[in-house]
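Chemist: based on what follows, work out the 3D shape:
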Amino acid sequence: MNDKRQKPLSTEPYKGVRDFYPEDMYVRKYLFDVMRTVVERYGYVEYDASVLEPTELYRAKTGDEIVNEQTYSFTDRGGRDVTLRPEMTPSVARMVAARARDLTFPLRWYSIPNIFRYERPQRGRLREHWQLNADIFGEAGSGADIEIISIARDIMQTFGATDADFTIRINHRALLNAIFSDYLGISNKQADALAKLIDRKAKLPHEAFKNQLTDIVGDKADTVLDCCETQTFDTLLARLPEQFNDMESVAELHNIFSTFSQEGATNVVLDPSLVRGFDYYTGVVFEVFDTNPGNNRSLFGGGRYDRLTEIFGTEPVSAVGFGMGDVTIRDFLQTRNLLPEYHSTADLYLCTTDSSLIGEAHRLAHTLRTKGLKVELNLSDKRVGDQIRIANKKAIPFVVCVGPTELETKQYKVKNLATSEEITVREEEIHEAIQVPKG
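Modeler: Residues are numbered from 1 along each chain as shown. Alright, predicted model coming up:
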């Protein structure tokens, strides 16, 4: 008889995804709470959708490259091609198109979905993450662009970041297209190749970028470089023909930069090389960048996509929004010591001097819970000292012990584990003596 033991299963999660232990979940909940607090301050309401979508939804507008190389796509048992969503925008566009006649515009919607992309895991980029999506539907003016960018900025500030910690880089796809066609005079095929190259500019050495640029536009490479490296909006306009001043995209950018300047924002800047890769963007695009030299990268971004609902056979609905992923924002906050210190969900650990008193402690715990306290109750026969060490290790801020003397006198010692301060109060005063910091 062969006694072959089965090889133990690995305890590691699937490559590129995460387990959320309580300390990690605490941070994730904090991130989500801040996101929800800010977007709801602007009147946004929450929605959700299934993590599974028909693959054709992404192939139609996100592009073949993402579908073929960066998604988890498969054929289900019914023979349907389905994909774990790599982003939320196509899903929300589908939902809006489905009920466009019944919805009251403008819509201010948000969600915090789980997103999946099959790519090489690295710092700031995993195969799954959670992402805040905030969008306005039915507002075509630049006021909606300003509001969306303001929300992004407000969230960063609510996390504790200053203007010196990040920049908001802005461009306009319609202006970029006009520069390609009316200023450079290149073909649509060249423009498409040029946009894709500019989108990768930050990832390429300068010489490699210029060589590839020359391959696409020839002797106009220096002109493109000058435009890409322009630092201010006024300087860019000075380089362009005078008729560009009359363009709607130029007026929109003027309004955006003027508004943030009046608000005293010092970190909202033009970036003519900002493209953002998705095909569906039609107007303003923006990205939030970390200014830390050790993490000088894009944190998140968004833009205007006014024609996405057309793929569902409905009238186009103007839209602008952004997505903020939890991985990059957590890295950003961690490098700046802006993450909150972990503490348990429990406000109080209720000890017992003897296991025979657990029943009495149950009664007290119930009373305290009805008064709003979150109470964790010892159910073991461990010594009081060991119980207190458990509470301390779990980051529970207060301890109360239940013993024969306490039950007889109805007076209890409330100990603050952070400060070691201890006060004696009556049973009915315990909930008042425990002041737990919020947030």
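Chemist: from here on, contacts and neighbour counts on C-alpha atoms
Modeler: OK.
Chemist: quick one: contacts for G138?
Modeler: For G138, the contacting residues are F105, P106, L107, V317, S318, A319, by C-alpha atoms under 8 Å, 6 or more residues apart in numbering.
Chemist: what's around the fourth one, how many residues?
Modeler: For V317, the count of nearby residues is 21 (other C-alpha atoms under 10 Å).
Chemist: just D271 next, same as before
Modeler: 23.
Chemist: follow-up on the earlier one: which of the contacts of G138 sits closest to D246?
Modeler: S318 (21.9 Å; C-alpha to C-alpha).
Chemist: T335: how many residues sit nearby?
Modeler: 12.
Chemist: separation between it and N292?
Modeler: According to C-alpha to C-alpha, to the nearest Å, T335 and N292 sit 9 Å apart.
Chemist: go on, E128?
Modeler: 25 Å.
Chemist: give me the more crowded residue out of these two.
Modeler: With neighbours defined as other C-alpha under 10 Å, E128 and N292 compare such that E128 has more, 21 against 14.
Chemist: ok, the more buried one touching F116?
Modeler: Yes - using C-alpha atoms under 8 Å, E128 is in contact with F116, at 4.4 Å.
Chemist: packing partners for whichever helix or strand G385 is part of?
Modeler: Under the criterion of DSSP states H and E, G385 resides in helix 384-393. Contacts defined by 3 or more C-alpha pairs under 8 Å, 6 or more residues apart in numbering; DSSP states H and E place helix 384-393 against strand 348-352, strand 398-402.
Chemist: and the contacts of the helix or strand bottoming out on mean pLDDT in the chain?
Modeler: Using mean pLDDT, DSSP states H and E, the weakest-scoring helix or strand in the chain turns out to be helix 64-70, at a mean of 79. Applying C-alpha under 8 Å, 6+ apart, the set of residues contacting helix 64-70 from outside is T55, Y58, R59, S73, P86, R117, Y118, E119.
Chemist: so how far is it off the chain centroid?
Modeler: Its chain's C-alpha centre and that of helix 64-70 lie 22 Å apart, by C-alpha atoms, centre = their mean, to the nearest Å.
Chemist: could I have that helix exported to PDB, CA atoms only?
Modeler: Taking C-alpha atoms only, helix 64-70 is exported to PDB below (Å, rounded to 0.1, in the frame of the first residue of the first chain):
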ATOM      1  CA  ASP A  64      -8.000  45.300 -29.400                       C
ATOM      2  CA  GLU A  65      -4.700  45.800 -27.600                       C
ATOM      3  CA  ILE A  66      -6.300  45.900 -24.200                       C
ATOM      4  CA  VAL A  67      -8.700  43.100 -25.000                       C
ATOM      5  CA  ASN A  68      -6.100  40.800 -26.500                       C
ATOM      6  CA  GLU A  69      -3.200  41.500 -24.100                       C
ATOM      7  CA  GLN A  70      -4.500  42.900 -20.900                       C
END
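Chemist: that helix: what's the following helix or strand?
Modeler: Downstream of helix 64-70 (by DSSP H and E), the next one is strand 72-75.
Chemist: buried residues in that next one?
Modeler: Y72, S73 (16 or more other C-alpha atoms under 10 Å).
Chemist: and the next helix or strand after that strand, how far from the chain's centre?
Modeler: Next in sequence after strand 72-75, counting helices and strands by DSSP H and E, comes strand 81-84. Counting by C-alpha atoms, centre = their mean, strand 81-84 is centred 23 Å from the centre of its parent chain.
Chemist: quickly run through the sheet partners of strand 81-84, with directions.
Modeler: strand 52-54 (antiparallel), strand 72-75 (antiparallel) (DSSP bridges).
Chemist: can I get those in CSV with distance to L176 and mean pLDDT?
Modeler: Formatted as CSV, those follow (distance: least, C-alpha to C-alpha, whole Å; pLDDT from 0 to 100):
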stretch, distance to L176, mean pLDDT
strand 52-54, 32, 95
strand 72-75, 32, 93
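Chemist: format the ones you listed as TSV; extra columns: distance to N296.
Modeler: Formatted as TSV, the strands paired with strand 81-84 follow (distance: least, C-alpha to C-alpha, whole Å):
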stretch	distance to N296
strand 52-54	34
strand 72-75	29
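Chemist: among these, which comes closest to G403?
Modeler: So among the strands paired with strand 81-84, strand 52-54 is nearest, using C-alpha to C-alpha, at 54.8 Å.
Chemist: who does the helix or strand following that closest one touch, helix- and strand-wise?
Modeler: Per DSSP H and E, the first helix or strand lying C-terminal to strand 52-54 is helix 55-61. Packing partners of helix 55-61 (3+ C-alpha pairs under 8 Å, 6+ apart): helix 64-70, strand 81-84, helix 89-98.
Chemist: mind doing that once more with 6 Å?
Modeler: strand 81-84 (3 or more C-alpha pairs under 6 Å, 6 or more residues apart in numbering; DSSP states H and E).
Chemist: now the strand it packs on - C-alpha only, CSV.
Modeler: Provided in CSV are the C-alpha atoms of strand 81-84 (Å, rounded to 0.1, in the frame of the first residue of the first chain):
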residue,chain,number,x,y,z
ASP,A,81,-17.3,35.7,-24.9
VAL,A,82,-17.0,37.4,-21.5
THR,A,83,-14.4,39.5,-19.7
LEU,A,84,-13.6,40.5,-16.2
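Chemist: for that strand, buried residues please.
Modeler: V82, T83, L84.
Chemist: show me the beta-bridge partners of the last one.
Modeler: Per DSSP bridges, residues listed as beta-bridge partners of L84: L52, Y72.
Chemist: separation between it and F286?
Modeler: 26 Å.
Chemist: what does the first one give?
Modeler: As for V82, its distance to F286 is 30 Å (criterion: C-alpha to C-alpha).
Chemist: repeat for the second one
Modeler: T83 sits at a distance of 27 Å from F286 (criterion: C-alpha to C-alpha).
Chemist: give me the low-pLDDT residue ranges for this protein?
Modeler: 1-4, 61-63, 277-278, 436-439 (pLDDT under 70).
Chemist: how about stretch 328-348: buried residues?
Modeler: Those buried within stretch 328-348 under the rule 16+ other C-alpha under 10 Å are T328, I329, R330, D331, F332, L333, L339, H343, S344, A346, D347, L348.
Chemist: give me the contact list for that stretch.
Modeler: Applying C-alpha atoms under 6 Å, 6 or more residues apart in numbering, the contact partners of stretch 328-348 are G124, L299, K374, V375, A395, I396, F398, V399.
Chemist: can you pull the contacts of the third one?
Modeler: Think K374. A346, D347.
Chemist: what's the answer for the second one, then?
Modeler: For L299, the contacting residues are V288, F289, T328, taking C-alpha under 6 Å, 6+ apart as the criterion.
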